[in-house]
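[1] Below is the sequence, then the predicted model.
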Amino acid sequence: MKKVLLPILTGMLFLIVLVLSILVYKDKTGNYSQNQSTMDDICGITDDGAVVTGIRANNFWGKAGLKGDNSEIYLILHNRFAEDDVLVGISSNAAKSVEIHLSQMVVDGAMKMIIQESVALPQNRKVEFVPGSFHIMLINLTRDLNSGDETLLTLHFQNQGNLAVIIPIKDW
Ligand SMILES: [Cu+2]
């Protein structure tokens, strides 16, 4: 009997250690465990996009950056609802604050970033957050965002609640 029990117990112990080490590793990488509640706000995520009620996000990506620096996130929002909406705020656990900016050419030909309190999302229209236009600024990163990392971003809409999007980080 003991000869059978020993390998089983050793196997179980190995599994427990494996699971614990995975959990510790995931926490160290600053993942989304503390954001599980916001993840529940979404209606569904697919490989190429995230959807909340009538708003779909795709082509999303963020620029790599070091702790203490800023980073920019780009995406395309499509309000597929037959009702106007407004992007009123964004949250991230990877930065001290998040701002919506609009890059605009000023008189002398230089680009200037203007803070936007909100962004209108007219019904059945797409609004592009792309270089040189609207973008999301992560201000004062609380950790390094390296190429290949992912970071959770939660968009808040006036009418249609929250949309959580997992943003892949890329070099630029
Ligand atoms: Cu900016």
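    That came in fine, so what should we check first? Numbering: from 1, shown residues only.
[2] What's the separation between the spatially closest residue to residue 105 that is not a sequence neighbour and the ion?
    Closest residue to residue 105 in three dimensions, ignoring its sequence neighbours and counting by CB to CB, 6 or more residues apart in numbering: residue 111, at 6.2 Å. Bear in mind the C-beta positions are built from the backbone N, C-alpha and C, glycine included. Residue 111 is 10 Å from the ion, where distance means CB to the ion, to the nearest Å.
[3] Does residue 111 touch residue 103 like I think?
    Yes. Taking contacts as CB atoms under 8 Å, residue 111 lies within contact range of residue 103: 5.2 Å.
[4] does any part of stretch 54-68 sit near the ion?
    No. Applying CB under 5 Å from the ion, one finds stretch 54-68 separated from the ion by no less than 10.7 Å.
[5] start to end distance for that stretch?
    35 Å (CA to CA, to the nearest Å).
[6] ok, residue 135 - contacts?
    72-74, 100-103, 129 (CB atoms under 8 Å, 6 or more residues apart in numbering).
[7] And residue 84, by the same measure?
    Neighbouring residues of residue 84 by CB under 8 Å, 6+ apart: 120-123, 159.
[8] let's go with 10 Å and repeat that
    120-125, 158-159 (CB atoms under 10 Å, 6 or more residues apart in numbering).
[9] out of those residues, which touch the ion?
    Restricting the contacts of residue 84 to those near the ion - CB under 5 Å from the ion - leaves none.
[10] nearest to residue 147, of those?
    residue 121 (29.7 Å; CB to CB).
[11] gap between that closest one and residue 158?
    Distance, residue 121 to residue 158, by CB to CB, to the nearest Å: 9 Å.
[12] what do you get for residue 122?
    As judged by CB to CB, residue 122 and residue 158 stand 13 Å apart.
[13] Residue 108 too?
    36 Å.
[14] What's the per-residue pLDDT of the residue of the chain found nearest the ion here?
    Residue nearest to the ion within the chain (CB to the ion): residue 101, separated by 3.3 Å. If you check residue 101, the pLDDT there is 96.
[15] and it, how many neighbours?
    When counting by other CB atoms under 10 Å, one arrives at 17 neighbours for residue 101.
[16] Equivalent analysis for residue 82, please.
    8.
[17] Dihedrals phi and psi, it?
    Main-chain torsions, residue 82, degrees, to the nearest 10: phi -90, psi 50.
[18] Tell me who's in contact with the closest residue to it other than its chain neighbours.
    Nearest non-adjacent residue to residue 82, counting by CB to CB, 6+ apart: residue 123, 5.4 Å away. The contact partners of residue 123, by CB under 10 Å, 6+ apart, come to 54, 79-85.
[19] same thing with residue 112?
    Listed by CB under 10 Å, 6+ apart, the contact partners of residue 112 are 101-106.
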